[in-house]
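Trainee: got a predicted model here, sequence first, then my questions.
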Amino acid sequence: MLVVVPSGLFQPSMLSPSSSSLEGGEASQWSWIDERQVASGSRTGKRRDVVTHHEEIDNIFEKLAGEAAKLVRYNKKPTITLREIQTSVRLVLPGELAKHAVSEGTKAVTKFTSS
């Protein structure tokens, strides 16, 4: 199992069998840590761990896109807007993770449009 944590910040309590911790920091500050490597004291990543993580992210994006498409069809609209994306994030991701994802997404869009 992979656990995603900010570089330099690791607490064993962050490890759980069914979840990843995704709080704070920018993308360049994240590290991929394999639970077995943490237990053995080694923090070197392996290529297959990165590939597995990439596949998990692809699956999440597919779920978000599918949920947004369902919302567009349900509301009989021609395009996916910010509202459908945010609603799909809230439906697919659990509690705090959804709140952080919506917040970070809003911040990224604001930064992009203001530059």
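Mentor: Right, received. Where do you want to start?
Trainee: ok, which stretches of the chain are helices?
Mentor: Secondary structure of the chain, counting by DSSP state H: helices at 35-40, 47-75, 82-92, 95-114.
Trainee: any chance of those in a markdown table, plus mean pLDDT and mean neighbour count?
Mentor: Quick note: C-beta positions are derived from backbone N, CA and C, even for glycine. A markdown table is the format used below for these (pLDDT from 0 to 100; neighbours: other Cβ atoms under 10 Å):
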| stretch | mean pLDDT | mean neighbour count |
| --- | --- | --- |
| helix 35-40 | 53 | 13 |
| helix 47-75 | 86 | 13 |
| helix 82-92 | 93 | 17 |
| helix 95-114 | 92 | 12 |
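Trainee: contacts for stretch 106-113 next, please.
Mentor: By Cβ atoms under 8 Å, 6 or more residues apart in numbering, the list of residues contacting stretch 106-113 from outside reads Leu82.
Trainee: can you dump the C-alpha coordinates of that stretch into CSV?
Mentor: Extracted C-alpha coordinates of stretch 106-113, given in CSV (Å, rounded to 0.1, in the frame of the first residue of the first chain):
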residue,chain,number,x,y,z
THR,A,106,-10.8,26.5,-6.5
LYS,A,107,-7.4,28.0,-5.5
ALA,A,108,-5.7,26.6,-8.6
VAL,A,109,-8.4,28.0,-10.9
THR,A,110,-8.3,31.4,-9.3
LYS,A,111,-4.5,31.5,-9.6
PHE,A,112,-4.7,30.5,-13.3
THR,A,113,-7.4,33.0,-14.2
